[in-house]
Each structure stands twice: as C-alpha cells, then as structure tokens.
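In: This is a predicted model, with the sequence first.
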Amino acid sequence: MNYESNHVTDSDIYQRNSDTDMIMRESTRPSGQRTVDTVDFGGGRPPRPWPVVEDIKAYLAHMDDACPTITSDPLEAEEIKARYIIGEEVGSGAIGQVIRAHDQHLGRDIAIKILHGGPGVSRDRLARFIAEAQITAQLEHPCVVPVHEIGRMPGGMPYFTMKLVKGESLEDVINNLRVGDKDYERRYYGKHVVRIFYRLAQGVAYAHDKGVIHRDLKPANIMIGRYGEVQIMDWGLAKLMREGDSGTAGAVQTVRDAPDLGTLDGDLAGTPAYMSPEQAHADTAKIGPQSDVFSLGLILAELLTLVRVFRNECLEETLEQVRKSGGVDIYSLKADVKAPPELAAIVRKCTDPDPDKRYRDAGELTTDLRHYLEDRELAIAPDLSHRKLVKWSRRNPMLAGAVYAASIMSLLFFLYRIFKILVF
C-alpha cells in the first residue's frame, strides 16, 4: 500500500479522522476540502533581532536566482528545458498546496510546496511559509524530511522542494492495529514499536537542541517509511525558543525573527487531542520543550493501548479534558494492556500536568527509553527483585547461562546426595 499522498500536508489541511480528530476552525480552501483538526490563532510578540535578513522583501529578492521553468506537459518540458514536470496534487490547504513533481536535472520524484494567495498574499503568510521551509531545512536529522531548495515560481510566488516520502503515517499503523490486521500485528509488536517511538523521540530531541518546538506532534504527522525510517512532518506550527531558552550554538533562525516582522507564535496552536494543558490554556509563556514531551507521552500511550487518550466529538469538551488532565495511566485506558510498568511510568512522567515535573525535553525522555530498550533499571520505575534478575540475564546472556547451568548442576548434585543417604 502506498501512502505517498499523506506526507506533505500542511497542518491546516489534515483531514478529519472519523472517530478521533477534533475540528478547530474553518479555513479558506479550494472547493470540496474539509475543515481541519489543527488550529493556529495568531498573536504578536516582540521580535528578536536577526542581522541576516532585515525585511521579507529583501529575503524574496535573494530567491530570484531560483526561478525554474515548470510545466505539467512532458513534451513541452523538452522544448522549453523545464526543470520540473509537475504531477498530481497530494495536499492542499489554506496556506499552501503540495504537488508531486519530477526533477529533470536529478532524475528523481520530489514534492513541491507552493504558497496559495497570488500576488496579494499577506506578509504574515509569506513569512510563515518561508519559515516552515527554513526550519525544516535547518533541522538536518534523519527524522526530518530533507528540503532541497527554496525559490520563486515564474509568477513570483515562493515554493520549496523536499523529499517525496513513501510509506504510511503512524496514524495509519495504529488504525490497522486497532482493527486486528494480522500483517500489521506481525510487523509492529513489543519492543519494535518502542524502537520506532525511540527514533521519533530522538528526532524531537534534536529539534529541541536546536531551539525548535514542533507544537503539533501527532500520529498523522509521523511517517514510517518503507524501510523503517521515521520522519517527523509538518513544521508549519513550529515555535522558536527565545534567546536564553536554548544555549545551543547553531540554533534555528527564520525570517519570522526579522526586526520589522515580529514572531507569530499563535495563542492557541496545535491539535486538541494531542495538546499539552498549557497549549489548551493558550499559555504561550509556558509552552516549551515540555509541551512536545506531553504530546509524545500521548502518542506512546496510544501506541501501547491503541486507545486515544483524549477523544470527544465536541471541541470545547476536548480542550476541557486536556486542561484538567493528570498523568495518563495506560492501565486505566485499557485494563488488559500488556505493557511493562517501566513504559507506564514513562507515559505518566511525560503527561504530568505540571510542565516542571515532566522530562525537561525529549533528550531526557530518550535516555529512559534507551535504558528500557537495553534492559536497564529506570530511576522513575524502581524494579522488583525478579525484574532486576530478568533484565540482568538479558544484558548478560552468556554469564547468566553459566550461572543457571551451575545452579542446576548444584541442585542435581544435592538431590543425588540426598538420594544416596535415603537409599543406603
């Protein structure tokens, strides 16, 4: 099954899942498109100086050298020496549309994202579109889809090209597991699922280290490639940490930090069913890496139980659920879940209502996940003695085998001596 069309949709265009996603707002979109489950209500904030680009127009001027010839006709492409032959649309929304294309120069299929709006598009929308491309491009990690170039169409509208991801979303995987698909149950089981989640957390940890908060992590935004790759999609709602929040050199910067523009973080942004309480309260001062950690905890809980934590047909009730939520207990979500206590403890810590009591960022989360995968003890989940023994045996199979063999030999020798005493 090919899910190529799912990988490049904007946060404003994800279609509503029939029994899970909440609709947040109506968007202006092409006829026939449905409403969306992701919200971003804008709110201005004081800008942070960025010396590279002083104005959005100046930035656009830098892109004049990337103005390729594009056509949808393969015969015309040869005549006019077009670089891109565009194909079908694979996603469309209020801000941009994504089109499958073939790069004539490199001989490969790619995805092109083009901004909607024509010549009269607002500067805010231009900045948001360009910032998404810049954030995605600067996050050079195996879990982030590569951006190839940014430029302007012959008509003047900006676009950027990226890898065409082939695979399926994590949401598709979970839905197939819910209905008991045997093929998916063979492919996604036990620690294999945790390893997929671990790679996801590594990608988010890298973004946090670079000063970026995703703000819209959910199964629909996670792609599982045909060869097991995990890629985090749709950075359109990403928020940059302010100076002082991230001391890492090489932090991501975008045109939305230009002195004349200000930042457009948004007061209420994200998908309700995967929001943190501070996002649901629109408390922008508290939104940080811990907010992404909360969303990751919800995703892990859903992977383990196949039950979505927050599910309600009413928008306000969903937001109220999130605002009043406590640490998620996977055993309460699904009584017969067979997940180990270590993972239950990780979910509870991720989803603590107090951001200060969660993992500080996804990097701390990956440490506990790695310890679990390596059968080591977690500080947040003290093991019982028998579980410690089992984990030690898994880490040291040869030594454990020798100890067990010696124990059996000792027991047999003891029984032999008892037998001799009783018989003779």
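Out: Nice, I can see it. Residues are numbered from 1 along each chain as shown.

In: Which parts of the stretch 301-424 of the chain are helices?
Out: Secondary structure of the stretch 301-424 of the chain by DSSP state H, counting those that start in this stretch: the helices cover 315-323, 330-333, 341-350, 362-373, 385-395, 397-423.

In: meant to ask about the chain
Out: 56-62, 74-80, 123-138, 170-178, 182-187, 190-209, 277-280, 289-305, 315-323, 330-333, 341-350, 362-373, 385-395, 397-423 (DSSP state H).

In: Quick one: mean pLDDT over the first one.
Out: Same thing as helix 56-62. Helix 56-62 comes out with an average pLDDT of 66.

In: again, but for stretch 129-145
Out: Stretch 129-145 comes out at a mean pLDDT of 92.

In: and G228, how many neighbours does it have?
Out: Using other Cβ atoms under 10 Å, G228 is surrounded by 12 other residues. From N, CA and C alone the C-beta is placed, and that goes for glycine too.

In: circling back to that earlier point, worst average pLDDT in the helices of the stretch 301-424 of the chain?
Out: Minimum mean pLDDT among these: helix 385-395, a mean of 56.

In: Domains in the protein, by residue range?
Out: Split into domains by automatic domain parsing, the chain comes to 4-373, 394-423.

In: where among these is the average confidence lowest?
Out: domain 394-423 (a mean of 68).

In: Relative to F160, how far out is the closest residue to T161 other than its chain neighbours?
Out: Excluding the flanking residues, the one nearest T161 by Cβ to Cβ, 6 or more residues apart in numbering is H148, at 4.4 Å. Per Cβ to Cβ, to the nearest Å, H148 is found 8 Å from F160.

In: again with A238
Out: A238 is 15 Å from F160, where distance means Cβ to Cβ.

In: Same question for N176.
Out: Counting by Cβ to Cβ, the gap from N176 to F160 is 32 Å.

In: Between these two, which has more neighbouring residues?
Out: F160 (24 against 18).

In: Next, the contact list for the more buried one, please.
Out: Neighbour list for F160: I112, K113, A133, A137, V147, H148, E149, I150, G151 [criterion: Cβ atoms under 8 Å, 6 or more residues apart in numbering].

In: so what's the third one closest to, chain neighbours aside?
Out: The spatially closest residue to A133, leaving aside those adjacent along the chain, is F160, at 3.9 Å (Cβ to Cβ, 6+ apart).

In: For V309, which non-adjacent residue is spatially closest?
Out: Per Cβ to Cβ, 6+ apart, closest to V309 is L298, 5.1 Å.

In: That neighbour: how many residues sit nearby?
Out: By other Cβ under 10 Å, neighbour count at L298 equals 25.

In: With S407 instead?
Out: 10.

In: For I418, see how far away it is.
Out: Counting by Cβ to Cβ, the gap from S407 to I418 is 17 Å.

In: quick one: contacts for the nearest residue to M275 once chain neighbours are set aside?
Out: Nearest residue to M275, sequence neighbours excluded (Cβ to Cβ, 6+ apart): V322, at 5.2 Å. By Cβ under 8 Å, 6+ apart, the contact set of V322 is P272, M275, S276, P277, Q279, A280, F310.

In: picking that back up, using CSV, lay out the helices of the chain together with distance to L164.
Out: Output for these, formatted as CSV (distance: least, Cβ to Cβ, whole Å):
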stretch, distance to L164
helix 56-62, 26
helix 74-80, 18
helix 123-138, 14
helix 170-178, 17
helix 182-187, 22
helix 190-209, 19
helix 277-280, 31
helix 289-305, 24
helix 315-323, 33
helix 330-333, 35
helix 341-350, 32
helix 362-373, 27
helix 385-395, 40
helix 397-423, 42
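
In: Nearest approach to G96 belongs to which of those helices?
Out: Proximity to G96 (Cβ to Cβ) singles out helix 123-138 among those, at 6.1 Å.

In: Give me the buried positions along that closest one.
Out: Residues of helix 123-138 classed as buried: 125-138 (neighbour count, 16 or more other Cβ atoms under 10 Å).

In: Then stretch 167-180?
Out: Neighbour counts over stretch 167-180 (16+ other Cβ under 10 Å) mark G167, E168, S169, L170, E171, D172, V173, I174, N175, N176, L177 as buried.
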